[in-house]
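> test case, fold it:
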Amino acid sequence: MICRGVIAVALVLGLSGCKRDPQVVSIGIAIPSYVHAVAWVGDEAGHFSRAGVKTKVAVLGGSAATMRTLIAEQIDVGLAGGDAVLKANAAGADLVIIGGLVDRFYHRFVAREGIDDADALRGKRIGLPFLGGPQDMAVKVALGELGLDYEDDVQVISLGKEFNRMAALHKGEIDATTSQSPESKLAELGVHVLVDLPAKPVPFPYLVVAVRRSWLVKHRVDARAVMLGLCTAIREYRAEQDKSLAIIARHLGNSDVDGVARERYRVSGPSLLSLPPEANVASLQFVLDLMGDTSTDPAVAVDTSVLDALVAEGHCR
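You can find the predicted model right below:
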């Protein structure tokens with residue numbers, strides 16, 4: 001009875017009280033990428049288990065799919081875009097962001113040979129995976145950098161996965177798109193970077209840690225363990241390149257041919273992850289501005305209490 005009471009207090013305060021059996025926490029990641037890979041590192045290198053939870057990590061096919069699965073209580077934690085959290089809440093969900101892993105755009109804005117500036121791009125076709133998502137928002141920002149208008153100066157079409165868009169770019173069916181490929185790979189395809197969005201100081205919640213608010217109330221100890229596991233995973237991901245790439249290769253199925261995996265690690269991996277992984281309200285406001293939403297308070301979708309406690313204790317710095 002005493003132990004049960006201590007655990008109840010721990011759940012409220014986010015502390016570890018009596019010893020308990022590790023709970024199973026299911027984590028959904030939006031896509032298989034070199035930043036979402038931090039969940040694989042946390043799981044397979046044992047960081048989540050040492051923090052106090054057993055984890056199951058699954059790829060869910062995009063941020064919107066991750067939100068649907070989270071709302072349906074089929075996963076406990078979602079690693080996905082902050083824009084998807086805002087859209088889900090606008091539709092009636094009650095999700096909350098407890099951490100921010102990548103606070104910038106992830107994809108570069110690239111073009112085929114002969115499209116070297118704004119004048120060459122004017123009136124041309126831009127391919128996107130789908131309209132309204134984070135890469136759509138990235139294109140709006142990139143066009144703004146070039147002095148072009150999204151609505152009037154270009155034609156934007158939906159073409160699906162990057163492989164399809166790169167093929168269309170190579171054939172001249174489109175003139176520009178977004179890509180997470182390193183520049184050496186782009187050069188092989190005759191493609192170059194027009195706007196290097198990840199290098200820009202533009203706040204954007206590309207990858208956040210989202211949970212149901214009701215789950216957070218009941219499972220603060222587990223939420224703490226997940227965030228602690230992510231913090232230690234980020235540190236290892238940065239420090240242990242070979243070990244991390246071996247974990248990633250098991251999921252992405254790519255060997256380090258011509259150093260491409262190492263280049264992806266360098267430009268699209270742990271260097272983009274934030275430590276501490278703080279949720280940035282300004283990034284969420286940036287999304288709302290792009291969406292034309294003037295009524296939503298972005299702070300309502302953020303709960304910093306779990307991470308704040310970890311940072312105060314020196315765990316997530």
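> quick one: contacts for the closest residue to Ala176 other than its chain neighbours?
Closest residue to Ala176 apart from its sequence neighbours, by Cβ to Cβ, 6 or more residues apart in numbering: Ala111 at 4.2 Å. All C-beta atoms are positioned from the backbone trio N, CA, C, and that covers glycine. Residues in contact with Ala111 (Cβ atoms under 8 Å, 6 or more residues apart in numbering) are 120-121, 169, 175-176, 191-192, 194.
> buried ones among those?
Restricting the contacts of Ala111 to buried positions leaves 121, 169, 175-176, 191, 194, with burial counted as 16 or more other Cβ atoms under 10 Å.
> farthest-separated two in the residues you listed?
In the buried ones among the contacts of Ala111, two members sit farther apart than any others by Cβ to Cβ. They are Leu121 and Val191, at 13.6 Å.
> how about the contacts made by the residue most central in space within the chain?
With distances taken as Cα atoms, centre = their mean, Leu207 lies nearest the centre of the chain, 2.2 Å away. Counting by Cβ under 8 Å, 6+ apart, Leu207 touches 30, 35-36, 79-81, 100-102, 106.
> do the same with Tyr106
Tyr106 makes contacts with 33, 35, 134, 180, 197-198, 206-207, 268, 272, as judged by Cβ under 8 Å, 6+ apart.
> quick revisit: closest to Ile247 among the buried ones among the contacts of Ala111?
Each of the buried ones among the contacts of Ala111 was scored against Ile247 by Cβ to Cβ, and Val191 proved nearest at 28.8 Å.
> the closest one against Phe109, yeah?
No. With contacts defined as Cβ atoms under 8 Å, Val191 does not count as touching Phe109, sitting 10.9 Å away.
> give me the number of residues near Lys124?
Residues within reach of Lys124, counting by other Cβ atoms under 10 Å, total 16.
> that one is in contact with Ile115, isn't it?
Yes. Under the criterion of Cβ under 8 Å, Lys124 is in contact with Ile115, at a separation of 6.7 Å.
> list residues touching both of those two?
175-176.
> for the residue nearest to Ala176, give the beta-bridge partners.
When bridges are taken as DSSP bridges, the partners of Ala111 come out as Ala176, His192.
> Leu148 versus that one, what's the distance?
Distance, Ala111 to Leu148, using Cβ to Cβ, to the nearest Å: 12 Å.
> for Lys124, same thing?
Here Lys124 is placed at a distance of 10 Å from Leu148 (Cβ to Cβ).
> now for the two: what residues contact both?
Common contact partners of Lys124 and Leu148 (Cβ under 8 Å, 6+ apart): Val154.
> what about the strands in this structure?
Assignment of strands within the chain using DSSP state E yields the ranges 23-29, 53-59, 77-80, 95-102, 108-112, 125-128, 155-158, 176-179, 191-195, 207-212.
> for Ala279, find the nearest of those strands.
Among these, strand 95-102 sits nearest to Ala279 (Cβ to Cβ), with 4.1 Å.
> report the inter-axis angle for the closest one versus strand 207-212.
Strand 95-102 and strand 207-212 are oriented at 160 degrees to each other (axes from the mean of the first three to the mean of the last three Cα atoms, to 10 degrees).
> and strand 95-102, what does it pack onto?
With contacts defined as 3 or more Cβ pairs under 8 Å, 6 or more residues apart in numbering; DSSP states H and E, the secondary structure elements packing on strand 95-102 are helix 63-71, helix 82-90, strand 207-212, helix 213-218, helix 220-239, helix 305-312.
> mind running it again at 7 Å?
With contacts taken as 3 or more Cβ pairs under 7 Å, 6 or more residues apart in numbering; DSSP states H and E, strand 95-102 sits against helix 82-90, strand 207-212, helix 213-218, helix 220-239, helix 305-312.
> run through the chain and note the low-pLDDT ranges.
Applying pLDDT under 70 to the chain picks out residues 1-20, 254-258.
> how is it carved up into domains?
For the chain, the structural domains run 2-104+204-312, 108-199, going by automatic domain parsing.
> many thanks, have a good one.
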